[in-house]
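Asks: Sequence first, predicted model second:
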Amino acid sequence: MNELLKALSDKSKREQIKKTTLEGRPNDPSPIAMWGWHNYTILTSKKHPQLNEKNMIDLIEEQKRDGFEILIENYL
């Protein structure tokens with residue numbers, strides 16, 4: 001977990017993680033790349049309880065921001 005936090009805090013590593021999340025890899029497709037954000041919901045968030053049970057598509061539309069950034073902000 002600490003390694004992921006470090007990687008997400010580093011701008012270049014974060015961009016690599018984002019690219020892989022949004023595009024996938026040839027032998028390891030990303031569910032986000034294949035199906036989009038509509039199947040993802042934030043179940044619980046200690047940091048941002050107002051996001052509990054919110055669907056990612058709704059959050060993207062409400063906040064006019066990238067889904068990856070919404071999740072990472074919630075995680076960090």
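Replies: Good, I have the coordinates. Numbers count the residues shown, from 1 in each chain.
Asks: Around the closest residue to residue 24 other than its chain neighbours, count how many other residues there are.
Replies: Beyond its immediate neighbours in the sequence, the residue positioned closest to residue 24 (C-beta to C-beta, 6 or more residues apart in numbering) is residue 30, lying 3.5 Å away. Yep, even glycine has a C-beta here, placed from its N, CA and C like the rest. One way to gauge burial is a neighbour count; for residue 30, by other C-beta atoms under 10 Å, it gives 14.
Asks: got the CA positions of the lengthiest helix in the chain in CSV?
Replies: When the chain is scanned for its longest helix (criterion: DSSP state H), the result is helix 11-23. Extracted in CSV, the C-alpha atoms of helix 11-23 (Å, rounded to 0.1, in the frame of the first residue of the first chain):
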residue,chain,number,x,y,z
LYS,A,11,3.7,12.9,-11.0
SER,A,12,5.4,10.8,-13.7
LYS,A,13,4.5,7.5,-12.1
ARG,A,14,1.0,8.7,-11.5
GLU,A,15,0.7,9.5,-15.3
GLN,A,16,1.9,6.0,-16.1
ILE,A,17,-0.6,4.4,-13.8
LYS,A,18,-3.3,6.6,-15.3
LYS,A,19,-2.4,5.7,-18.8
THR,A,20,-2.4,1.9,-18.0
THR,A,21,-5.8,2.3,-16.2
LEU,A,22,-7.4,4.2,-19.1
GLU,A,23,-5.8,2.2,-22.0
